[in-house]
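*Asks:* show me the folded form of this:
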Amino acid sequence: MSTDAIVLLKSDHKEIRKLFRDFRGAGPDARVEKGRIVDKIIEALTVHTYIENEVMYPDVRELAPDLEDDILESYEEHHVADVLVTELAGMKPDDERFDAKATVLIETVEHHIEEEEQEWFPKVREELGRKRLQEMGVRLLELKEKAPRSPAQPSALKKTVDAVLD
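*Replies:* Okay, the predicted model is just below:
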């Protein structure tokens, strides 16, 4: 397994995209199945945004200050996703707006993933180089084990984002 931070994050993206396809493929009457899929989406996104916010974004911000605007935009996109995830976590699959909220979350995250993979990751790779990305990847893997799995779990995420944006 590679410890390159970008490779690891792209692997997460692949898993998340599969969950999105599963949700879309479940059909309009598959409420129970959609609920289980959304639970998996919530866990995957909670872990992923946590490790990016705790390791990737602060490190890139420090080591590649010219990417500051990209990082701030990414924090805001994560914030929007976190709000939707928190709201979805409190809903039942038969709630009137469950499918609509899940769809908006999926579209928001797909946009974010596309920007990261197509625009941001190539810049980060060029700025940081292989060795730093591997070091960062080791820390991502370590933190992933301890990361919150749901928005209800206490997390340093809010403190981290607030500290960065203040």
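
*Asks:* what about the spatially closest residue to Ala64 that is not a sequence neighbour, neighbour count?
*Replies:* Leaving aside its sequence neighbours, Ala64 sits nearest to Glu127 (Cβ to Cβ, 6 or more residues apart in numbering; 3.9 Å). (Glycine included, C-beta is placed from N, CA and C.) Neighbour count for Glu127, taken as other Cβ atoms under 10 Å: 15.

*Asks:* cool, and Gln118?
*Replies:* With other Cβ under 10 Å as criterion, Gln118 counts 9.

*Asks:* just say helix, strand or coil for it.
*Replies:* helix (DSSP: H, G, I helix; E, B strand; the rest coil).

*Asks:* surely Glu52 touches Ile71?
*Replies:* No. With contact defined as Cβ atoms under 8 Å, Glu52 does not reach Ile71; the gap is 9.9 Å.

*Asks:* can you check what pLDDT the model gives the residue nearest to Ala64?
*Replies:* In this model, Glu127 is scored at 94, pLDDT.

*Asks:* what does Ala44 give?
*Replies:* Value for Ala44, per-residue pLDDT: 97.

*Asks:* could you check which helix or strand contains it?
*Replies:* Counting by DSSP states H and E, the element that carries Ala44 is helix 31-51.

*Asks:* pull the CA atoms of that helix into PDB?
*Replies:* The C-alpha trace of helix 31-51 is given here as PDB (Å, rounded to 0.1, in the frame of the first residue of the first chain):
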ATOM      1  CA  ARG A  31     -35.700   3.400   1.700                       C
ATOM      2  CA  VAL A  32     -34.100   0.900   4.100                       C
ATOM      3  CA  GLU A  33     -31.200   0.200   1.600                       C
ATOM      4  CA  LYS A  34     -30.700   4.000   1.000                       C
ATOM      5  CA  GLY A  35     -30.600   4.500   4.800                       C
ATOM      6  CA  ARG A  36     -27.800   2.000   5.200                       C
ATOM      7  CA  ILE A  37     -25.900   3.500   2.200                       C
ATOM      8  CA  VAL A  38     -26.200   7.000   3.700                       C
ATOM      9  CA  ASP A  39     -24.900   5.700   7.000                       C
ATOM     10  CA  LYS A  40     -21.800   4.500   5.100                       C
ATOM     11  CA  ILE A  41     -21.500   7.800   3.200                       C
ATOM     12  CA  ILE A  42     -21.700   9.700   6.500                       C
ATOM     13  CA  GLU A  43     -18.900   7.600   8.000                       C
ATOM     14  CA  ALA A  44     -16.700   7.800   5.000                       C
ATOM     15  CA  LEU A  45     -17.100  11.500   4.600                       C
ATOM     16  CA  THR A  46     -16.700  12.200   8.400                       C
ATOM     17  CA  VAL A  47     -13.400  10.300   8.400                       C
ATOM     18  CA  HIS A  48     -12.100  11.700   5.100                       C
ATOM     19  CA  THR A  49     -12.900  15.400   5.900                       C
ATOM     20  CA  TYR A  50     -11.400  15.000   9.300                       C
ATOM     21  CA  ILE A  51      -8.000  13.700   8.100                       C
END
